[in-house]
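Trainee: got a sequence here, can you model it:
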Amino acid sequence: MTKYDVAVVGEIYIDHIFTGFSAWPQPGEESFARQYHREIGGGAANTACALGRLERTVDLIGIIGASDTDWFEARLMEFGVSSNGIHRAAGNTGVTASVSMVDDRSFFTYTGANEQLMDMLRSNVMLTSLTRARHVHFALPLDRELARDLLPALREAGCTTSLDVGFQRTWLTSQANLDTCRTIDYFLPNEREALLLCGGGAAEYLAFAQKNGLQAAVIKLGPYGAAMQVNHMTYKVSSPAVDVVDTTGAGDAFNAGFIDALLDEAAPEDCLRRACICGGLSTRVEGSLRALPRREEVIDIYEQTYAP
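Mentor: Numbering: from 1, shown residues only. As a prediction, the model looks like this:
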């Protein structure tokens, strides 16, 4: 019996977010942030909270240190996200320091309890839990052997799937992982990640996707929108105009908008438009969660930006 609209699987972090730098420091130099914000983070948490803000029922699946349980549960509850799928471990929660400029960002990360995630995902109990969702989104570099077992089982159970591995050079340049890209329903890289996969930009990536049998290839183009190839058709949309403050988590919010539209059985172009709105609006203030749009706001911006 389906309980959730979406199960979001991935590494979970405590984010320490520094923004408002006047210049990027060179090695050995110091640069001072104008703002600092502490937040739950990681692509899985960002996408889960964005979906919760869009009024979807969401179960976040990952691992945190047991001492951080109360803070995580309280924060997720604010977005309507279930923490039933979060395992509490004896070690420390993963930590990321995000250093963000208007046009780019860098991350410094300690993995922590996330090192145990792949073993947790291999259990039969986990498969049963995932099949209770209509859609399963993986926000991690999914292990090939695990994907070989898990993805066909999810499809057989009637779940659709999506994957955003992030900027993972080793994963994206491994030929073995192309089979995972073929098996997943929707693969969601940005332009830098697509470059690692195929050696080119958006056009080259979409041609690569068609040649290699990817079912539905999406590419995130930041302020230039997004493109998608499905059923031998190519779609491209622009992004809404936004005053950008912090791009942290924008791709994760894009994923949420895309999945939300999929669940509504929207046309491919509309999936991209709603994804671009969610990604764009998430950048209006510092941090990955504070500017996540609500459903009525997405509808309003959609009508303003894309209505004929």
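Trainee: now do the strands in the stretch 201-308 of the chain.
Mentor: Assigned by DSSP state E, counting those that start in this stretch, the stretch 201-308 of the chain shows strands spanning 216-220, 226-230, 233-237.
Trainee: among these, which is nearest residue 146?
Mentor: strand 216-220 (21.2 Å; Cβ to Cβ). Using the backbone N, CA and C atoms, a C-beta is placed for each residue, glycine as well.
Trainee: tilt between that closest one and strand 226-230?
Mentor: Interaxial angle of strand 216-220 relative to strand 226-230 (axes from the mean of the first three to the mean of the last three Cα atoms, to 10 degrees): 170 degrees.
Trainee: helix/strand/coil for residue 170?
Mentor: Secondary structure of residue 170, reduced to three states by DSSP: H, G, I helix; E, B strand; the rest coil: helix.
Trainee: mind listing what it touches?
Mentor: Residues in contact with residue 170 (Cβ atoms under 8 Å, 6 or more residues apart in numbering) are residue 141.
Trainee: mind pulling up the pLDDT for it?
Mentor: pLDDT recorded at residue 170 is 96.
Trainee: before we move on, what about residue 2?
Mentor: On the pLDDT scale, residue 2 is placed at 66.
Trainee: which stretch among the strands of the stretch 201-308 of the chain comes nearest residue 175?
Mentor: strand 216-220 (16.9 Å).
Trainee: return the closest one as CSV; C-alpha atoms alone will do.
Mentor: The C-alpha trace of strand 216-220 is given here as CSV (Å, rounded to 0.1, in the frame of the first residue of the first chain):
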residue,chain,number,x,y,z
ALA,A,216,14.7,10.5,-20.2
ALA,A,217,17.8,12.7,-20.1
VAL,A,218,17.5,16.1,-18.3
ILE,A,219,20.2,18.7,-18.1
LYS,A,220,20.1,21.7,-15.7
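Trainee: give me the mean pLDDT for it.
Mentor: Summarised as a single mean, pLDDT over strand 216-220 is 95.
Trainee: quick one: list the elements packing against that strand.
Mentor: The contact analysis (3 or more Cβ pairs under 8 Å, 6 or more residues apart in numbering; DSSP states H and E) places strand 216-220 against strand 186-187, helix 191-198, helix 202-211, strand 226-230, helix 250-263, helix 268-281.
Trainee: point out where this structure drops to low pLDDT.
Mentor: Filtered on pLDDT under 70, the chain yields the residue ranges 1-2, 102-103.
Trainee: helices of that one, residue ranges please.
Mentor: For the chain, the helices defined by DSSP state H cover 43-53, 69-78, 117-121, 124-130, 144-156, 169-172, 178-183, 191-198, 202-211, 250-263, 268-281, 295-306.
Trainee: for stretch 72-89, buried residues please.
Mentor: For stretch 72-89, the neighbour count (16 or more other Cβ atoms under 10 Å) marks 72, 75-76, 79-83, 85-86, 89 as buried.
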